[in-house]
Structures are given as C-alpha cells and as structure tokens.
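K.L.:
Next input, structure requested:
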Amino acid sequence: MKKKNPEIESVIFDLGNVLLNFDAKKSALRFAKDCGVSMTKAWEHFFTSKTEKAYTRGEITCREFYEHSLEVLKTPVDFKTFKHYWNDIFWENEGMDALLEQLKKNYPLYLISNTNKMHFDYIKKNFKILRHFKKTFPSHEVGARKPDALIYTRVLKAVKLRPEQTVFVDDKIDFIKGAREVGMYGIRFRNRDQLIRDLKKMGVKVR
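P.N.:
Predicted coordinates for the structure are as follows:
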C-alpha cells in the first residue's frame, strides 16, 4: 500500500473465486470423459491454450470456440451439451452478496474479470451478484486480459477515476501486481473476513 489512509473512491472486484467460486476441473473431467481424451489435454485446451485466451479477449466467437474444440478434442457433444459442461461450474461465495450490498451504499462498484461470453451470459442469467455493480468490464468485452496493463487503464478511463482513487480485489497475486503497476491499490482476496479487515485498514467504510 502506498500510504496509510488513501482516499478510496471506488472498489473494483474480480469475479471468479472472489464473488463466485468455480471448479474448472468439473468441466474438464466431463469433456475428457465424453471426448475420450486425457484430463491433461482437456484442461490445456479449455483453460490454458491460446484459443482460450483469444476467447476471453473476445477475439473469437462462442461458435468458433466450440468448433475449434470439435477439431482439437474430436468431441461428440452438441452445442447445448457443450455449453452445459462449460458453464456448470459456478456457485455463490457465501456472504459476498451482503458485503457488496453494504459497500455500494458509499462507493460505486466495478468489476474486472478474465472471462468469456458463455460464462458471463450464464452468470448474468443464474446469479444476482452483478446487480451491485455500476458497470462491469469482462475481458471479452474490454479486449484485454489481466494482468495486461491495458485492461486496468481502459477501465480507469471508462469510469473517470485516477488509479490512486481505486482499490482492486482479486484472488490472484499476479493480477493484483498488474493493478498496482498502473497505480491502483490492491488487496489479495483470501476470505470475506480478511477482505473486510484489509478494506477497513485503507479507510473504506464497511461494517
């Protein structure tokens, strides 16, 4: 942290494993079983490949991501089943909805998430957590991924805030470092109680 009592005017959150938990292995295991490939191959294609990164930057469409998966994994699943396997990995992180409800009384809340259209559409439809945010910035709409400085600077420009007026909450230290490198404050998320303590240390109003 840069100084003891920064003047924080907005709190910016990550989504996965902060507001919503997820288990990507659940998806990879289903694809591995149905496609007759190893768990390693399914995991690499869906969660670490260049194709996955392009999809999360919005460079390819959902249909293109699906069709490329057909080629790589020779998957027999139809698009409806594919979406179910891909999306059915999320559940609420207990207590975070109530925390956002408190915070938004005093601060505009924003979201920065490395995600993709299928996941984000599914979350918007099935969870209420996004209602707390003044604006959301999923990577596939911004056209950049954390920890690339571009995603943070584009968000700051869009919300008309200086970096030192914001604190970014994420579970991944590399993404926190990315935010700090452009001048934002950062808190690494481990659990709700720890987050509340760290926010209070920064002078953020939270019960």
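
K.L.:
contacts and neighbour counts: CA atoms only from here.
P.N.:
Fine.

K.L.:
OK, contacts around R162?
P.N.:
Counting by C-alpha atoms under 8 Å, 6 or more residues apart in numbering, R162 touches L156.

K.L.:
ah, wrong one, I meant Y85
P.N.:
Taking C-alpha under 8 Å, 6+ apart, we find Y85 in contact with 27, 30-31.

K.L.:
and it, what helix or strand is that in?
P.N.:
Here Y85, judged by DSSP states H and E, is contained in helix 79-87.

K.L.:
rewinding a little: turn the contacts of Y85 into JSON lines, columns for neighbour count, distance to G16 and pLDDT.
P.N.:
Shown next, in JSON lines, are these (neighbours: other C-alpha atoms under 10 Å; distance: C-alpha to C-alpha, whole Å; pLDDT from 0 to 100):
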{"residue": "S27", "neighbour count": "19", "distance to G16": "15", "pLDDT": "95"}
{"residue": "R30", "neighbour count": "16", "distance to G16": "20", "pLDDT": "94"}
{"residue": "F31", "neighbour count": "25", "distance to G16": "21", "pLDDT": "93"}
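
K.L.:
quick one on the thing from earlier: distance between the helix holding Y85 and the chain's centre?
P.N.:
Distance, stretch centre to chain centre, for helix 79-87: 19 Å (C-alpha atoms, centre = their mean, to the nearest Å).

K.L.:
Then stretch 52-71?
P.N.:
The answer for stretch 52-71 is 18 Å, by C-alpha atoms, centre = their mean.

K.L.:
ditto for stretch 72-89
P.N.:
Taking C-alpha atoms, centre = their mean, one finds stretch 72-89 lying 21 Å from the centre of the chain it belongs to.
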